[in-house]
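Have a look at this prediction, sequence included:
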Amino acid sequence: MISALEAATPIENELDRIDVLYGFGVRMMGIAYSEGNSLGAGCRETTDGGLTHFGRRAVDRMNRLGLLIDVSHCGDRTSLETIEASRVPVCISHSGSRVLWPISKCKPDEVIRACAERGGIIGIEAAPGTTMVTDDLVEHSIETFMRHFEYCVELVGIDHVTFGPDTFFGDHAASYAIPGGSLLVSGDSEYDRIVPEYVKGLENLGDFPNIVRWLVRHGYGDAEIAKAIGGNTLRVLAETWVA
């Protein structure tokens, strides 16, 4: 179990709060969660000014302490500048390919490549509506989910792709429409608004073994499967966490 925050927003403009969070056991932290903050822009923002000066200082502090940096919910420019600024690999812990599903939460090839070139990884996401494909607007399933996996493997190699299902036991889709806290805000694309009730074959965390079954059925070898289901992540953690 790894204690993590999806965004550094709680530190506000106080750099030393990163040290406090590290002392509490946090070992992974995102730059921004969909909305902008003092570090950079979130993926839902209509403009992205990139990593701020404070954000660069925060990246340096996280590198020195040993926190894995996540850009899953960042805007594209903020993602690229975070990857460039970090001295160690950065992760995209839960996302997919924007080529296959054009929503702001998925990443363009440029960001996925940049992350991989610096040693990082992308985890393929299974929150309802996130890793669908444009030629099937009806069903979100393990098949569309794995199309994102195979696309990213073809793009950057299996050493840089893993799984970040981003799901839980319960009604995930319902959480998108909580009054006052909706993740679906005005200005998103038509694809953002397609939200199935669940992902067929990956309804909750208990279905994670279905990913391994799919990989075996489609001819992946033991070494490749070991990398994809955890080996790549362990490598990045070893390069990121300091003693």
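Happy to help now that I have it.

Please tell me how far the residue positioned nearest the centre of the chain sits from residue 63.
To find the centre residue of the chain, average its C-alpha atoms and take the closest one (CA atoms, centre = their mean): that gives residue 94, at 2.7 Å. Relative to residue 63, residue 94 is positioned 22 Å away (CB to CB, to the nearest Å). To be clear about C-beta, it is placed using only N, CA and C from the backbone, and glycine gets the same treatment.

Distance check, the residue nearest to the centre of the chain against residue 49.
From residue 94 across to residue 49, the span is 24 Å (CB to CB).

swap in residue 4?
25 Å.

Who has more neighbours out of those two?
In this view residue 4 and residue 49 are compared by other CB atoms under 10 Å, and residue 4 has more residues nearby, 16 against 13.

what's the nearest residue to that one if we skip its chain neighbours?
The shortest distance from residue 4 to any non-neighbouring residue, by CB to CB, 6 or more residues apart in numbering, is to residue 28 (3.8 Å).

Same check on residue 230?
Taking CB to CB, 6+ apart as the measure, residue 230 lies nearest to residue 162, with 7.3 Å between them; neighbours along the chain are not counted.

same thing with residue 171?
Nearest in space to residue 171, with sequence neighbours left out and distances taken as CB to CB, 6+ apart, is residue 197 at 7.8 Å.

Looks to me like the residue nearest to residue 230 is in a helix.
No. Secondary structure of residue 162 (DSSP: H, G, I helix; E, B strand; the rest coil): strand, not part of a helix.

show me the contacts for it.
In this structure, residue 162 makes contact with 121, 122, 123, 124, 227, 228, 229, 230, 232, 233, judged by CB atoms under 8 Å, 6 or more residues apart in numbering.

now the fifth one, nearest residue through space, not along the chain?
Sequence neighbours aside, residue 158 is the residue nearest to residue 227 in space, at 5.7 Å (criterion: CB to CB, 6+ apart).

hmm, back to that, can you name every helix or strand that the helix or strand hosting the residue nearest to the centre of the chain contacts?
Assignment of secondary structure by DSSP states H and E places residue 94 within strand 91-95. Counting by 3 or more CB pairs under 8 Å, 6 or more residues apart in numbering; DSSP states H and E, the packing neighbours recorded for strand 91-95 are strand 26-30, strand 68-70, helix 109-117, strand 121-124.

rerun at 6 Å
strand 68-70, strand 121-124 (3 or more CB pairs under 6 Å, 6 or more residues apart in numbering; DSSP states H and E).

That strand to strand 26-30, inter-axis angle?
Put simply, strand 91-95 runs at 70 degrees to strand 26-30, going by axes from the mean of the first three to the mean of the last three CA atoms, to 10 degrees.
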